[in-house]
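Q: model this:
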Amino acid sequence: MSVYTLSVSQLNEYVSKLMRRDVLLRDLGVRGEISDLKRHPSGHVYFTLKDEGALLRCVMFKPDTLNLTFRPENGMLVTAYGYAGVYPAGGQYQLYVRNVEKQNSEGELFKRFCELKEKLKAEGLFNEEHKKPLPTLPRRIGVVTSETGAVFHDIMNVTRRRFPNMGITLCPARVQGEGAAEEIARAIRYMDEKRLADVIIVGRGGGSMDDLWAFNEETVARAVYDCATPIISAVGHETDFTICDFVADVRASTPSMAAELCVPMRRDLDERIAALASLLGEYAARRINMERLKLDAMMRSDGAARVGYIIDAQRQRTAEMFEQIATAVQRKAENARAEKVYADDVLKAFDPRGVLKRGYAVVKRDGSICSGVEAISTGDSITVVMNDGSVGANVTEVNKNGT
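A: Sure, this is the predicted structure:
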């Protein structure tokens, strides 16, 4: 019986060729849980698939990772598609992955995403000419998101830091699960019809495609498209894209970035006003100096003695122009200051805390603001929020206006 003697390299290469010739191993999917995931600086991703009884090393090269619709993480249950082979230099059997699908039917979701995207694109919902510019200085910002998530608090923090007196209105809606898309669309239409804001931020935090799916529904896309108020879509993280992003007037990578896009820095506006006043002063000084130079040239001319009356007229004209320019500069500066004071007064008038200080109160039932007596019934427990605190009460009588 003859024995073949091979080098390590020869054996590894032989096994590698055997696996490449195997039809089953050439194109297959393997189900398992991701573990020990590493992202190499080159862009390649290395991880292990495991089940109850075994481990399988996997590698996914950078060009294939660019087609992923989600970010693989440890603990995810997935199906990895590719071919099995041996890395001859290391003698390791592994799966060379071309695509990965989450086992929550995300592959089907991505197919639906692509189909709806193509449909709406063909109808013109993504066209640039339909997109509206954001206001330079909105009086009030509207936010459509969950009232229990961190998104609204992030937007509040950024807005208060950039422009402390800016008004913000939250129209709460579920952002995940059954019925969430309808709530989001209804909130957008309500804010737009009631003109509750000059710009609306629609968003939520990051998640899988399944988590973000409410923003891929057609009802949300059409509500965004039909909205007359400019809309910023801030859904998920920077790498997440939804149908809402394509239809919105502006897409922000995060909710905090959305707040920065629509709220200017207060000190920047103050500096701009000061710069404009300075430019007006410089312009006036140049005009006055130019007229003085013209007058000096006329005084030095040979015919100055014969046209003394012209010089007198020019002096009078120069004095009048100086007075007119000085008056115009003063008027411009006063108008700029008045506009700044008016903007401050408007923002203060819309500040809900100022309204509460004037003796008004906000009535809440089950944590939601009641805008009228239709939302309250006899026997309900309500909370009355005032400037310095809140009061709990039980409703004993409900009367409508005119009844």
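Q: doesn't Thr5 belong to a helix?
A: No: assessed with DSSP: H, G, I helix; E, B strand; the rest coil, Thr5 is coil; it does not lie in a helix.
Q: can you pull the pLDDT of Asp351?
A: pLDDT recorded at Asp351 is 69.
Q: shift numbering so it begins at 36
A: Understood, numbering begins at 36; the last thing we discussed is Asp386.
Q: would you mark the buried spots in stretch 183-191?
A: Across stretch 183-191, burial judged by 16 or more other CB atoms under 10 Å covers 184, 186-187, 189-191. For every residue, glycine as well, the C-beta is placed using N, CA and C.
Q: could you list which of these belong to helices?
A: Here DSSP state H is the test, and the buried residues of stretch 183-191 give 186-187, 189-191 as lying in helices.
Q: can you pull the phi and psi angles for Asn429?
A: Reported as degrees, to the nearest 10, the phi and psi values for Asn429 are phi -110, psi 140.
Q: chain neighbours aside, what residue packs nearest to it?
A: Of all residues not flanking Asn429 in the chain, Ser416 sits nearest, at 5.7 Å (CB to CB, 6 or more residues apart in numbering).
Q: count the neighbours of the one you found for me.
A: 10 (other CB atoms under 10 Å).
Q: show me what contacts it?
A: 400, 427-430 (CB atoms under 8 Å, 6 or more residues apart in numbering).
Q: quick check: the farthest pair among the ones in helices among the buried residues of stretch 183-191?
A: Val186 and Met191 (9.7 Å; CB to CB).
Q: how close does the residue nearest to Asn429 get to Gly402?
A: 11 Å (CB to CB, to the nearest Å).
Q: with Pro265 instead?
A: 30 Å.
Q: and what of Ala185?
A: The value you get for Ala185 to Gly402, if CB to CB is used, is 17 Å.
Q: again, but for Ala119
A: For Ala119, the distance to Gly402 - CB to CB - is 55 Å.
Q: which of those two has more residues huddled nearby?
A: Ala119 (19 against 9).
Q: contacts only, for the spatially closest residue to that one that is not a sequence neighbour.
A: Spatial nearest neighbour of Ala119, excluding adjacent residues (CB to CB, 6+ apart): Leu60 at 4.2 Å. Neighbouring residues of Leu60 by CB under 8 Å, 6+ apart: 54, 118-120.
Q: quick check: which element contains Leu60?
A: helix 58-61 (DSSP states H and E).
Q: beyond that helix, next helix or strand please.
A: strand 63-74.
Q: mind listing what's buried in that following strand?
A: 65, 67-69, 72.
Q: looking at those, which is nearest Gln359?
A: Using CB to CB, those come closest to Gln359 at Leu72, 73.3 Å.
Q: look up how far Asp380 lies from that closest one.
A: For Leu72 relative to Asp380 (CB to CB), the value is 55 Å.
Q: contact partners of the lowest-mean-pLDDT helix or strand in the chain?
A: Scoring the helices and strands of the chain by mean pLDDT, DSSP states H and E places helix 387-392 at the bottom, with a mean of 72. Residues outside helix 387-392 that contact it (CB under 8 Å, 6+ apart) are 202, 383, 397, 420-422.
Q: now with 6 Å?
A: Residues outside helix 387-392 that contact it (CB atoms under 6 Å, 6 or more residues apart in numbering): 383, 422.
Q: do the same with stretch 84-93
A: 65, 67-68, 70, 82-83, 115, 129-130, 132.
Q: let's see that with 7 Å instead.
A: 65, 67-70, 82-83, 115, 127, 129-130, 132 (CB atoms under 7 Å, 6 or more residues apart in numbering).
Q: how about stretch 361-378?
A: Here stretch 361-378 has contacts from 308, 311-312, 315-316, 319, using CB under 7 Å, 6+ apart.
Q: okay, and which of these map to helices?
A: Per DSSP H, the contacts of stretch 361-378 map to helices at 308, 311-312, 315-316, 319.
Q: Arg327: which of those is nearest?
A: Relative to Arg327, the closest of the ones in helices among the contacts of stretch 361-378 is Ala319; by CB to CB it sits at 12.7 Å.
Q: surely that closest one meets Glu358?
A: No: between Ala319 and Glu358 there is no contact under CB atoms under 7 Å: 11.1 Å.
Q: and the two? which has more neighbours close in?
A: Ala319 (19 against 10).
Q: and that one, what does it touch?
A: Counted by CB under 7 Å, 6+ apart, Ala319 has contacts 360-361, 364.
Q: again, 8 Å this time
A: 360-361, 363-364.
Q: who wins on neighbours among those residues?
A: Ile360 leads those on contacts (other CB under 10 Å) with 18 neighbours.
Q: quick one: it from Arg352, how far?
A: 12 Å.
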